[in-house]
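> this is a predicted model, with the sequence first.
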Amino acid sequence: HEFQARTRVHDRITLLLVFQYFIYQLGFLFRIQHQVLCARVGGVEIDVSDEEMKWINAYLNETNELLGKEYGDGYLTQSGKITLTGKQALSYARIRYIGTDFQRTERQREILSAVAAKVKANPSSVSKLMGTVLPKITTNIPDTELSLMGMKAPMYLGYDVEQIHLPADGTWSNATINKM
C-alpha cells in the first residue's frame, strides 16, 4: 500500500508539472467562441435536460438583444438530443444556475468535444474552421506557432481525449469562512 500511495502522489506531482509545463509552452487561449465554433461545423448534438432548456432560452433573450434579433429567436421547444446552433450552444455553455461550476465547465467541454468529433469526421474542414475561429481568439501564442498547431490538428484529432478538472474530485471541500 505504501508503494501505491507514493505512486499516486508521484503521479499527481508529475501531472501538475506536466500541466504547468504545458501551459507554459502553450501560452493561453482566451475567450473561445463557442457560438462561432458550433455554427461553423453546422451545430452540435447535445442531450439537453428540461431545466437546461429553460436556461438556454433565458440566455437566448440576452444574446438576441445583443445581436439585434427578435425576442424568442432560436428558442428550444423540446429537451432531449438536439442539434444546437452556435447561439444555442453558447447559451448552453453559459448556464450557471444548474449544479456546480464543475458542471458548467463540463458543459463547455462537452461542446468542444462535440465540435472536435465533427471535425474528426471531416478533417478537410480544419483549415476553414481555423480561418474562421483564429481571428476570434485572443492569445499570446505567436501566429506562426498557431499556424503550426493548426496544420497538426488532423494528427491531434487521432488522439484519445482524456479530461480532468482541477482541483480533482476528492481533493477539496466546500467551506464557509466569515459567512462567505
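Thanks, I have it.
> and the gap between the residue nearest to residue 134 when sequence neighbours are not counted and residue 112?
In this structure, residue 134 finds its nearest non-sequential neighbour in residue 146, 6.2 Å apart by Cβ to Cβ, 6 or more residues apart in numbering. Where you see a C-beta, it was placed from the backbone N, CA and C, and this is true even at glycine. Noted for residue 146: a distance of 17 Å to residue 112, by Cβ to Cβ, to the nearest Å.
> surely residue 82 forms part of a strand?
Yes. Assigned with DSSP: H, G, I helix; E, B strand; the rest coil, residue 82 falls within a strand.
> so what's the residue lying closest to it once chain neighbours are set aside bridging to?
Closest residue to residue 82 apart from its sequence neighbours, by Cβ to Cβ, 6+ apart: residue 48 at 5.3 Å. Beta-bridge partners of residue 48, counted by DSSP bridges, are residue 80.
> so where's this protein shaky on pLDDT?
Scanning the chain with the threshold set as pLDDT under 70 gives 1-34, 137-138, 180.
> can you show me the helices along it?
2-26, 34-40, 50-67, 86-94, 101-121, 126-133, 143-156 (DSSP state H).
> not counting its own residues, what contacts the fifth one?
Taking Cβ atoms under 8 Å, 6 or more residues apart in numbering as the criterion, the residues outside helix 101-121 that touch it are 32, 34, 37-38, 41-42, 44-46, 84, 89, 92-93, 95-96, 125-126, 129, 153, 157-158, 161, 163, 165.
> same check on the third one?
Contact with helix 50-67 is made by 48, 69-76, 78-79, 84, 87-88, 90-92, 94-95, 97-98, as judged by Cβ under 8 Å, 6+ apart.
> many thanks, we can stop here.
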